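[1] Could you look at this predicted model? Sequence included:
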Amino acid sequence: MNPKLLSLLALCSLPVAMAGPIAYGICQTGCNVVAGACYAAGGVTFGTVAAPAAPLLIASCNAALGTCMAACATTALLAPTP
């Protein structure tokens, strides 16, 4: 049998990569940038406020960040990596 055909068949039988670690990292970075802007709008620095002492605006920033991160995990990690 033709070696090129065998190589092609072997490559076609490999599983498709369904994880997008680069896309996931980019998505998380976007979430953190938006969270940093949200914190700045509240007059505090991102990552410096303890949860019990957080004002309502900062608590809502944290909730939005969590939602954004969850969306990253459910979409970007399932995207095929080229």
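    Yep, that arrived. Since the model is a prediction, treat every value here as computed from it, not as a measurement.
[2] Please enumerate the helices of this protein.
    3-12, 21-41, 56-75 (DSSP state H).
[3] Return the distance of stretch 22-39 from the chain's centre.
    Using Cα atoms, centre = their mean, to the nearest Å, the distance from the centre of stretch 22-39 to the centre of the chain it belongs to is 8 Å.
[4] ok, Pro55 - contacts?
    Contacts here follow Cβ atoms under 8 Å, 6 or more residues apart in numbering; on that basis Pro55 touches Gly42. To be clear about C-beta, it is placed using only N, CA and C from the backbone, and glycine gets the same treatment.
[5] Nearest residue to Gly42 in space, please, no chain neighbours.
    Spatial nearest neighbour of Gly42, excluding adjacent residues (Cβ to Cβ, 6 or more residues apart in numbering): Leu57 at 4.3 Å.
[6] in terms of contact, does that neighbour touch Ala41 like I think?
    Yes. Leu57 lies in contact with Ala41 (Cβ atoms under 8 Å); the separation is 7.4 Å.
[7] Settle it for me: which of those two has more neighbours?
    Shown here are Leu57 and Ala41; by other Cβ atoms under 10 Å, Leu57 has more neighbours (14 against 11).
[8] can you pull the pLDDT of the residue nearest the centre of the chain?
    Per Cα atoms, centre = their mean, the C-alpha nearest to the average position across the chain is that of Tyr24, at 3.3 Å. pLDDT for Tyr24: 85.
[9] Burial check on the closest residue in space to it that isn't next to it in sequence, number of neighbours?
    Counting by Cβ to Cβ, 6+ apart, Ala76 is the residue found nearest to Tyr24 once chain neighbours are left out, at 4.2 Å. Neighbourhood size, Ala76 [other Cβ under 10 Å]: 18.
[10] What residues does Ala76 make contact with?
    So Ala76 contacts 20, 23-24, 26-27 (Cβ under 8 Å, 6+ apart).
[11] rewinding a little: list the contacts of the residue nearest to the centre of the chain.
    72-73, 76-77.
[12] What about Val44, how many residues nearby?
    Val44 has 16 nearby residues by other Cβ under 10 Å.
[13] Could you do the one 3 residues further on as well?
    Residues lying near Gly47 (other Cβ under 10 Å) number 9.
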